[in-house]
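Asks: Here you go, sequence then predicted model.
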Amino acid sequence: MIDQFENFLKTDNLVKHGLPAFVYTSDAFREIENHTVFTNSWVFVGFAHELGEIGDVQPVTVAGKPFFLVRNDNNEITAFHNVCRHRCLKLIESSGNCGQLIQCPYHSWIYDLQGALKAAPYFGGRDRKPPPGFLLEDHGLVAVSCETWHDWIFIRINGEDTDGGLAFDKFIAPLKKRLENIDLAQIKPVATIDFGVLQTNWKALMENFIEPYHVQFVHKTTTSQPLVDHYTILEDHCLGSGCDIAEDKNKDDLKTLAVSSRFLTLFPNFVIGTYAPDQLGVHLNIPVNAGETRQRRVIYLHKDNPASEKEIQQTRQLWYDVHKQDHAICERLQLGRVSEIAADGGYLSPHWEDSVRRFQELVVESVFPQGDASCADAKMRKNNFYD
Ligand SMILES: [Fe+2]
């Protein structure tokens, strides 16, 4: 599989067509992404407001592996491999509050909220003493790097800042700069939409979000944002698009999106939309396998926003409808890409889909972190790729 991808990169195809279809449909390529993109990057995994109390836990899947988030007794959210150190059972099965201790249901090994092993009852025999040489402190849960930025929780499986990985402050820097005019400390979550598992590859959902080309066609019933008012945004691993509408004159219309907006992402999977005057939306896209992605959206308003329950429901319905329009398209992309006609990918607009191309280059750079000359050549040629 990796050879197939390398051979593809030796051609001009990435320049003209974007990524080939198999990187969206192949579980073998998904596995390569698990060991590269989703291991070495800061991956968005959850929402801090869902872990509001000390002892709240939430299982999450990253790179196909089990982890869990916990709010510990220092009121910090941390993350661990979701595996008991005794027989490697998946420890946390569902979200909830575990009190002060995490107990394995199999043989009752008990950990505190810092992940330290506190008891391994009868492990050494009838008298409850640990076996000679067995120290509880050597068998605590294994932590992974975890950072919370406002309501958003990220983990990085490979905790090193070397090997091309970014320190967390550098990771969020390009997005932080673009959100400077919003006081993120003043936002509150008002609604969550759980879309469950969608029948499409995670990259299709990300690429769809960062290109404005489809908006006037796919969302003609839910938005009033002319294509000419849009532009793309490319800054390192912060990709997206924006739409500036002169007067936001329809800002009180909750049935269509008709206000100035920014649609921003941090590679690989953090998605945030800002909608004037004071609404935000964040989606969590977690790959399940090559053809399936789990998605949730949380809607935020300024904490002083006087929106009624009815108005919040209208906003929720609008976003439900917008997402469903995107899902239908992304699921059909997945269906089309199993055809041999799709083998080389399609075509990317040199204007509206440059953000998509950059996203795809980041996929390539993550899979080949040491750099690949053919990919660099592709970048240089992209301005005249129809010649
Ligand atoms: Fe869309």
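Replies: Thanks, I have it.
Asks: need the next SSE after the host helix or strand of residue 311, C-terminal direction.
Replies: For residue 311, the host element (DSSP states H and E) is helix 309-336. Beyond helix 309-336 on the C-terminal side, the first helix or strand identified by DSSP H and E is helix 354-367.
Asks: quick one: that following helix to chain centroid distance?
Replies: Here the centre of helix 354-367 is set off from its chain's centre by 15 Å, with Cα atoms, centre = their mean, to the nearest Å.
Asks: just stretch 302-321 next, same as before
Replies: Centroid separation for stretch 302-321 versus its chain: 24 Å, with Cα atoms, centre = their mean.
Asks: Tell me the buried residues in it?
Replies: Using 16 or more other Cβ atoms under 10 Å as the test for burial, stretch 302-321 gives 302, 305, 307, 312, 315, 316, 318, 319. To be clear about C-beta, it is placed using only N, CA and C from the backbone, and glycine gets the same treatment.
Asks: give me every residue that touches the second one.
Replies: With Cβ atoms under 8 Å, 6 or more residues apart in numbering as the criterion, the residues that contact residue 305 are residue 278.
Asks: Pull out the buried positions in stretch 1-8.
Replies: So for stretch 1-8, counting by 16+ other Cβ under 10 Å, buried means 5, 8.
Asks: what do you get for stretch 38-54?
Replies: By neighbour count with 16+ other Cβ under 10 Å, stretch 38-54 contains the buried residues 38-48, 50-51, 54.
Asks: can you give me the helices for the stretch 1-150 of the chain?
Replies: Shown for the stretch 1-150 of the chain, the helices assigned by DSSP state H, counting those that start in this stretch span residues 2-9, 13-17, 22-25, 27-35, 37-40.
Asks: Mind checking those for the one nearest to residue 350?
Replies: Distances from residue 350 to each of the helices of the stretch 1-150 of the chain were compared using Cβ to Cβ; the shortest belongs to helix 13-17, at 9.8 Å.
Asks: how near is the closest residue to residue 60 other than its chain neighbours to residue 146?
Replies: Beyond its immediate neighbours in the sequence, the residue positioned closest to residue 60 (Cβ to Cβ, 6 or more residues apart in numbering) is residue 45, lying 4.5 Å away. When distances are taken as Cβ to Cβ, to the nearest Å, residue 45 and residue 146 turn out to be 8 Å apart.
Asks: Can you pull the residues that touch both of these two?
Replies: Taking Cβ under 8 Å, 6+ apart as the contact rule, residue 45 and residue 146 both touch 69, 79, 153, 154, 155.
Asks: which pair in those spans the largest distance?
Replies: Of all pairs drawn from the shared contacts of residue 45 and residue 146, the one with the largest separation by Cβ to Cβ is 69 and 154; the distance is 10.6 Å.
Asks: So between the two, which is more surrounded?
Replies: For residue 69 versus residue 154, neighbours defined as other Cβ atoms under 10 Å are more numerous around residue 69 (26 against 23).
Asks: for the more buried one, what are its contacts?
Replies: 45, 46, 51, 57, 58, 60, 77, 78, 79, 146, 153.
Asks: where does residue 292 land on pLDDT?
Replies: Predicted confidence (pLDDT) for residue 292: 98.
Asks: Number the chain from 36, please
Replies: With the count now opening at 36, the last piece we talked about shows up as residue 327.
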